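Build me a model:
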Amino acid sequence: MKPILTAAEMRAAEERAIASGTPVELLMERAGQGVAEAVWRFAGPLPALVLCGPGNNGGDGYVAARHLRERGVDVRVAALGQPKAGAAAEAAKAWGGPIETIEGAGPAPLLIDALFGTGLTRGLEAWLAARLNELAGTAQISVAVDLPSGVETDTGAVLSPVARFDLTVTFATLKPAHRLFPAAGFCGRVATVDIGVDVSSALSELRRPTIPAPVPQDHKYLRGLVAVVGGAMPGASELAAIAALHAGAGYVVLLQHCAHCGTPHAIVRRSITELPNTLADGRVGAMVVGPGLGRGPDAAWALRQALASGRPLVIDGDALHLLGGETLTVPAVLTPHEGEFRALMPDMNHGSKVERTRAAAMRCGGVIVYKGPDTVIAAPDGRAAIGAGASPWLSTAGTGDVLAGAIGAMLARRLDPFEAAQAGVWLHAEAARRAGAAFAADDLARSLSELL
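Here you go, the predicted model:
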């Protein structure tokens, strides 16, 4: 599980290392050497052009150029002016070779962007952005040092036109822009170089969960009883129920208007009028409410029943609109997509996706799964995780209902809501990756079993 550090947190980590006796020159040497190693493994001995900025990112570039040259690579360096005093200037001096201007530099099969890394707050000048894009576009392979120049570290915003890189080599650990879109879409593969800096953060990359298999003494209720509340669009709640079953729940009850319709027969079907009696069953480990629920009086009644039950909840779809800004008093996971998040938290329009998700979790008192290509999961206590790289084929109807059911199964296993949300999101994304192209949500739900 990799911590993800903001620009300020990364600066603080480096300052702690320097204060404890590690010179900044040594940190830069490790960084540049690590870049050279990663580039060598990724691209081999291609002739290279390294673009160096005036700060420490440029210093890393000079060190990388020197180490690549020592490996026999034909390396040229082009700089954006003279490096600032200090470690970057020493690195340029140690390079010792010719330095071209970026305006006049010719292309190379391998382009290394060491212009600006962590901490950029404004876009590149138009001519420089155009030149960088031109050189990266003509290269066979392009590599960014720390971050592609032109993206904002903490939000993942694109501050000026950004080239698409094949590889980004970053230091110590990930930064938000490596996983938040749109910036994440320009990074390519991300490699992390250890430079000897201790890092920790309440924000991390989504990790593969540990989900133990049943033991011989287990029975269906120990594996978890999930109750799914149906409504106006029964297909959505059907998908959530099937997903809960295939994500390992031992018993799934689907409450809907048609109490005897549908398959699989392993799902227990009851009339929605039996909701109060079902909720009175102490064996219910989690409820899923919202997929296809509708927004009429019956839907509002069902949501009130669920909230009053005290059971751990997954709140999705229509239930998010009915919930409004209510503060929750039960363990809950809320799963909004972009439009639902705006409806749930209409005043949260500023800050990064991580900041907004954390703020929403603290306000509502539940775990928020802010869905998208860069799904952010946040708990009310500030813990957060980013899950990126999900299949774009998830952009089909019903996949959100499958996610709600998978999280419900994890909650019914008595996992902490934050852990249950992470496990469900990981399973959902990995099942989609394995499903390939053009799958239907029904296929995705069934593939959860194969994944487990």
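
can you list contacts of stretch 273-286?
By C-beta atoms under 8 Å, 6 or more residues apart in numbering, the residues outside stretch 273-286 that reach it are 221, 224-227, 229, 251, 253, 255, 259, 270, 287, 302, 305-306, 309, 311-314, 408-409, 411-414. No exception for glycine: its C-beta is placed from N, CA and C like everyone else's.

May I see the ChimeraX selection of the buried members of those?
Filtering these down to the buried ones (16 or more other C-beta atoms under 10 Å) takes a single ChimeraX command:
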select :224,225,226,227,229,251,253,255,270,287,302,305,306,309,311,312,313,314,408,409,411,412,413
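
Select from the contacts of stretch 273-286 every entry located in strands.
Judged by DSSP state E, the contacts of stretch 273-286 include 225-227, 229, 251, 253, 255, 270, 287, 313-314 as members of strands.

could I get the residues you listed as JSON lines with pLDDT?
Shown next, in JSON lines, are those (pLDDT from 0 to 100):
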{"residue": "L225", "pLDDT": "97"}
{"residue": "V226", "pLDDT": "98"}
{"residue": "A227", "pLDDT": "98"}
{"residue": "V229", "pLDDT": "97"}
{"residue": "Y251", "pLDDT": "96"}
{"residue": "V253", "pLDDT": "97"}
{"residue": "L255", "pLDDT": "95"}
{"residue": "R270", "pLDDT": "94"}
{"residue": "M287", "pLDDT": "98"}
{"residue": "L313", "pLDDT": "98"}
{"residue": "V314", "pLDDT": "98"}
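
And the residues you listed, which is closest to G150?
Nearest to G150, judged by C-beta to C-beta, of the ones in strands among the contacts of stretch 273-286 is V314 at 38.5 Å.

Hmm, V288 and that closest one touching each other?
Yes. Taking contacts as C-beta atoms under 8 Å, V314 lies within contact range of V288: 4.5 Å.

Confirm that V190 sits in a helix.
No. Counting by DSSP: H, G, I helix; E, B strand; the rest coil, V190 is not part of a helix but strand.

ok, and for stretch 32-41, which residues are buried?
By neighbour count on 16+ other C-beta under 10 Å, the buried set for stretch 32-41 is 32-40.

would you list every one of the helices in the stretch 351-452 of the chain?
353-364, 399-412, 417-435, 441-451 (DSSP state H, counting those that start in this stretch).

Mind putting these into CSV with distance to V333 and mean pLDDT?
Listed next are these as CSV, based on distance: least, C-beta to C-beta, whole Å; pLDDT from 0 to 100:
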stretch, distance to V333, mean pLDDT
helix 353-364, 10, 97
helix 399-412, 5, 98
helix 417-435, 5, 96
helix 441-451, 17, 94
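
Now render the buried residues of stretch 32-41 as a markdown table, adding secondary structure, pLDDT and distance to G86.
Listed next are these as a markdown table, based on DSSP: H, G, I helix; E, B strand; the rest coil; pLDDT from 0 to 100; distance: C-beta to C-beta, whole Å:
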| residue | secondary structure | pLDDT | distance to G86 |
| --- | --- | --- | --- |
| G32 | helix | 98 | 15 |
| Q33 | helix | 98 | 19 |
| G34 | helix | 98 | 20 |
| V35 | helix | 98 | 19 |
| A36 | helix | 98 | 21 |
| E37 | helix | 98 | 24 |
| A38 | helix | 98 | 25 |
| V39 | helix | 98 | 24 |
| W40 | helix | 98 | 27 |
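
and which of these is nearest H428?
Each of these was scored against H428 by C-beta to C-beta, and A38 proved nearest at 30.6 Å.

For the closest one, list the residues it contacts.
Taking C-beta under 8 Å, 6+ apart, one finds 143, 167, 169, 191, 193 in contact with A38.

So which of those residues are in helices?
When DSSP state H defines the helices, the subset of the contacts of A38 inside them is empty.

C258 reaches G231, doesn't it?
No. C258 is beyond contact range of G231, at 11.5 Å (criterion: C-beta under 8 Å).

In a strand, R16, correct?
No. Assigned with three-state DSSP, R16 falls outside any strand and is helix.

I'm done for today, thanks for sticking with me.
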